[in-house]
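Colleague: After the sequence you'll find the predicted model.
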Amino acid sequence: MKRAKNLSVVFILLALMFNQCELKGQEKDSTSVKTDTAKVKKDDKKKPLIKPYKEVITDKAVSDQGVFMVHKIDDKYYFEIPDSMLKKEFLLVTRLTKAAAGMRSGSTGYAGDQIGQQVVAFEKGPKDKILLRAISFVDYAKDSTSDMYNSVRRNNVQPIVKSFDVKTYGVNTKSSVIEVTDLLNSDNEMVSFSVNYKDAFKVGAFQKDMSFVNFVKSFPNNIEINTTKTFARTLGRPIPGTPPGDIPKISGNYTVEINASLVLLPENKMQARYFDPRVGYFTVGYTDFDLDPQGVKRISLVKRWKLEPKPQDLEKYKRGELVEPAKPIVFYIDPATPKKWVPFLIQGVNDWKKAFEKAGFKNAIYAKVPDAKSDPEWSLEDARFSAIVYKPSDVPNASGPSISDPRTGEILESHINWYHNVMMLLRNWYFVQASPNDPRARKVEFDDQLMGELIRFVSSHEVGHTLGLRHNFGSSSTVPVEKLRDKKWLEKNGHTPSIMDYARFNYVAQPEDNIGDSGIMPRIGDYDDWAIEWGYRRFYQYNTPDLEKEYLNKWVIKNLQNNRLWFGTESNPLDPRSQSEQVGDNAMIASTYGIKNLKRIIENLDKWTATPNEDYENLGTMYDQVTLQFKRYLGHVSKYIGGQMETPKTAEQSGAVYEVVPKKDQKEAMKFLEENVFTTPQWLIKKDIFEKTGKTPVKTVEDIQNGVLSRILSPMVLQNMYQMETVDQNTYTISELFSDLNSSIIKKENPDVYGRNLQRNYVDNLIKLVDTKSSDRSDVSAIARGNLNSIKKEISAKTDVNMVNKYHYEDLVFRIEKALDPK
């Protein structure tokens, strides 16, 4: 009992000690809380106050007046944003001013290339903040009094991408000064690569210690921000299936110079014009929630420059008189352009002047070389100026992109990309399409005058894109083939109504026709004049796109009575009228003439490509070009098989929009293929060419033949034929196609090596159609299976054949049996 009593005393003492310690701990925690609270209050008192203007923008400031006042103090940059510019929308475009070595990917990665674009706006936020928002135009409702307008706004809150502390306010607090140094010196989509371009160029981690601001300049409607930025260069991405978090391999750095143009979008918006599929224009668009009270509609607006008469000439314009626009379209020629090509590039731009006269404007477009005296502010990076940018690239191409206002489609500027090696492309095209008719093209290095004329043509084509025009692949199909051999007709009309077509050159004309340059080379034609008139003619009696819509529809219907104004899109895979590189209204006849000219080239190829002190590389290159051109002709004809013509119309127009290519045309196409490709093209097999170049004749012919088979036996074509049988009882059927192919390919007796390859590839293409893994559940697979059985019976019965063909047929039977019964 005594021991238990003593233990009780010990426990009581321990409990007292524990409670005392706990109280001390609580007292300590309480003190800590009080201290933290005091600290917060102290921090609140230390919160930076808005300083007087002179304490922020000191006497050391170098200031530049413009759309914003830009101040530079030592290595810090400030924007002074007037209240009048808050909530105004700016187009932000980033471009490479100087590209990194080893960065190029295909035709991108050069100085002048665009690497980002978005619309932004500055606005006041709480607690002396300026917020930067990214603006989207995906969804739209214009009636601000409607419930739908409020709903669209609630469901499309524009994201805040950056927040700035206001450092000071300007006079009478009518402007806010923010520091943008961190923004400019960091890696963000405002002043650097967009995410997609980073992936394309394998741009890695930002190296801040090797990056800096070069300059910031302010102009009346834009701010130009030029920075040097360095990034780690990634050599690869994590392999799919590897654990997350794997780091891409790194090798060295990229250092680039980037220009970001912050351009104020027009306050006085250009009146938009709705897209019409019967006239080919590029578009911008949005989803409209106002137009249809029972649904929504995707709205497309055409891209075009804002051309309008000077105020004093408005009444003249309305009367139909030609007037000069208030602001013409001007393209500057990159000073890096070789001087001998400058006049041809300029002429390619100026050629469009006549087309704009159709829309009522004279001197609406021209090109010039920048001059320090007359253009003191000109800069290749300044977003106010459009230019043809010359790039030291081995890419054989040119392109004509443009930057437009996403709200209206107004084109604000364009940088045409002109790659140095486009001249090789021009030489190859002209050699294989025009050398039989133009002696100047019968060599591998053209004279400057001929090359200049070709440059002028491509310049005009790319400028057409910057005016808003898409490719018109159907234009040339409106020209009767025989007119392409009529010298007088060609001099008046040209070989295609549109320079926006990929008609290239008149390959139909024969040497005996004596066709000159005007009948061989493309030029701005009837369709181009019409498309410019449709896009740029102003109708001041209609002050909204909706009001002018009915008038424009009637105008289009009336003008399209002229077949030469027809537009054929480049995106229809089934319409044989709309094809790249095609001329004439009948591909079978046109290609027959084209092949006759290719045979002339082949007979002279060694002589026309011979270069003193050089090997036979040019001979091999131009032989490949002849082969490629032959493939184009076969592709033009193949598109008739299973073809479907599309002619967009409105409800006011009669006739079908979609029509099956007539059976007689499909049969004519099959006859052409039988004669020109399923019968070995012996004219292409030149022993002396193969001996000098190492080309392989069997592989060359096999590739040509298999290209045709892959096209006409593709699931897309056969499915379309299958569908068309249900709507047109007189159409060309799959069964008829297989029967004709069997007659052309399988029924040949004792085929040679070319014939055996053709039969083997034909059977292999049929086997793909009956593959058990295929998702096809239509009659296509069944008919293909039945055709394979028929082929098997026919070749099994062949006995009077040589040993090689015996083994060949046994192999085909084995392949067919394995496909039909995999088990």
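Modeller: Yep, that arrived. Numbering: from 1, shown residues only.

Colleague: Please make it C-alpha for all contacts and neighbour counts, starting now.
Modeller: OK.

Colleague: quick one: contacts of stretch 677-693?
Modeller: Stretch 677-693 is contacted from outside by 599, 602, 606, 616-617, 619-620, 627, 634, 695-697, 701, 704-705, 744-745, 754-755, 758, using C-alpha atoms under 8 Å, 6 or more residues apart in numbering.

Colleague: and with 6 Å instead?
Modeller: Gly620 (C-alpha atoms under 6 Å, 6 or more residues apart in numbering).

Colleague: Which positions within it qualify as buried?
Modeller: Val677, Phe678, Thr679, Thr680, Leu684, Ile685, Ile689, Thr693 (16 or more other C-alpha atoms under 10 Å).

Colleague: Can you tell me how far the fifth one is from Arg600?
Modeller: Distance check for Leu684 against Arg600: by C-alpha to C-alpha, to the nearest Å, it reads 11 Å.

Colleague: again with the second one
Modeller: Phe678 sits 21 Å away from Arg600 when distances are taken as C-alpha to C-alpha.

Colleague: Pull the distance from the helix or strand hosting Ile791 to the chain's centre.
Modeller: Following DSSP states H and E, one finds Ile791 within helix 779-796. When C-alpha coordinates are averaged (C-alpha atoms, centre = their mean, to the nearest Å), helix 779-796 and its chain have centres 42 Å apart.

Colleague: average pLDDT for stretch 396-412?
Modeller: The pLDDT scores in stretch 396-412 average 90.

Colleague: Tell me the buried residues in it?
Modeller: 397-412.

Colleague: Ok, stretch 781-791 next?
Modeller: Ser781, Ile783, Ala784, Arg785, Asn787, Leu788, Ile791.

Colleague: where exactly do the strands run in the stretch 101-250 of the chain?
Modeller: Assigned by DSSP state E, counting those that start in this stretch, the stretch 101-250 of the chain shows strands spanning 114-125, 129-135, 139-140, 160-169, 175-179, 203-206, 212-218, 222-234, 250-264.

Colleague: Could you report the neighbour count for Lys492?
Modeller: For Lys492, the neighbour count with other C-alpha atoms under 10 Å is 10.

Colleague: Just list the residues touching it, thanks.
Modeller: Lys492 neighbours (C-alpha under 6 Å, 6+ apart): none.

Colleague: Tell me the one of the buried residues of stretch 677-693 nearest Lys54?
Modeller: Thr693 (76.9 Å; C-alpha to C-alpha).

Colleague: So which of the buried residues of stretch 677-693 sit within helices?
Modeller: Ile689, Thr693 (DSSP state H).

Colleague: Of the buried residues of stretch 677-693, which is the nearest to Pro480?
Modeller: Val677 (24.6 Å).

Colleague: how near is that closest one to Val708?
Modeller: For Val677 relative to Val708 (C-alpha to C-alpha), the value is 8 Å.

Colleague: residue contacts, Ser123?
Modeller: Quick fix: residue 123 is Glu, not Ser. Leu86, Lys87, Ile130, Leu131 are the contacts of Glu123 under C-alpha under 6 Å, 6+ apart.

Colleague: Let's see the pLDDT reported for the residue nearest to the third one when sequence neighbours are not counted.
Modeller: When you say that, I think you mean Ile130. Closest residue to Ile130 apart from its sequence neighbours, by C-alpha to C-alpha, 6 or more residues apart in numbering: Lys124 at 4.7 Å. As predicted, Lys124 sits at a pLDDT of 95.

Colleague: which sections of this protein are below the confidence cut-off?
Modeller: For the chain, residues meeting the criterion pLDDT under 70 lie at 1-48, 105-107, 138-156, 235-251, 289-296, 772-777.

Colleague: Where does the spatially most central residue of it sit, in terms of helix or strand?
Modeller: Centrality entry for the chain: nearest residue to the mean C-alpha point is Pro401, 7.9 Å, by C-alpha atoms, centre = their mean. Following DSSP H and E, there is no helix or strand that holds Pro401.

Colleague: residues touching it, list them.
Modeller: Thr466.

Colleague: repeat for Leu264
Modeller: Counted by C-alpha under 6 Å, 6+ apart, Leu264 has contacts Phe90, Asn221, Asn222.

Colleague: I'd like those as JSON lines, with distance to Glu321 and neighbour count appended.
Modeller: Below are those laid out as JSON lines (distance: C-alpha to C-alpha, whole Å; neighbours: other C-alpha atoms under 10 Å):
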{"residue": "Phe90", "distance to Glu321": "36", "neighbour count": "23"}
{"residue": "Asn221", "distance to Glu321": "32", "neighbour count": "16"}
{"residue": "Asn222", "distance to Glu321": "34", "neighbour count": "22"}
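
Colleague: could I get those as a markdown table with distance to Ser136?
Modeller: Rendered in a markdown table, the data for those read as follows (distance: C-alpha to C-alpha, whole Å):
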| residue | distance to Ser136 |
| --- | --- |
| Phe90 | 12 |
| Asn221 | 21 |
| Asn222 | 20 |
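
Colleague: With respect to Gly452, which of the residues you listed is nearest?
Modeller: Asn222 (35.9 Å).

Colleague: I'd like to know the beta-bridge partner residues of the closest residue to that closest one other than its chain neighbours.
Modeller: Leaving aside its chain neighbours, Asn222 sits nearest to Val263 (4.3 Å; criterion: C-alpha to C-alpha, 6+ apart). Beta-bridge pairing of Val263 under DSSP bridges involves Leu91, Asn222.

Colleague: From Thr94, how far off is Val263?
Modeller: From Val263 to Thr94 the distance is 11 Å (C-alpha to C-alpha).
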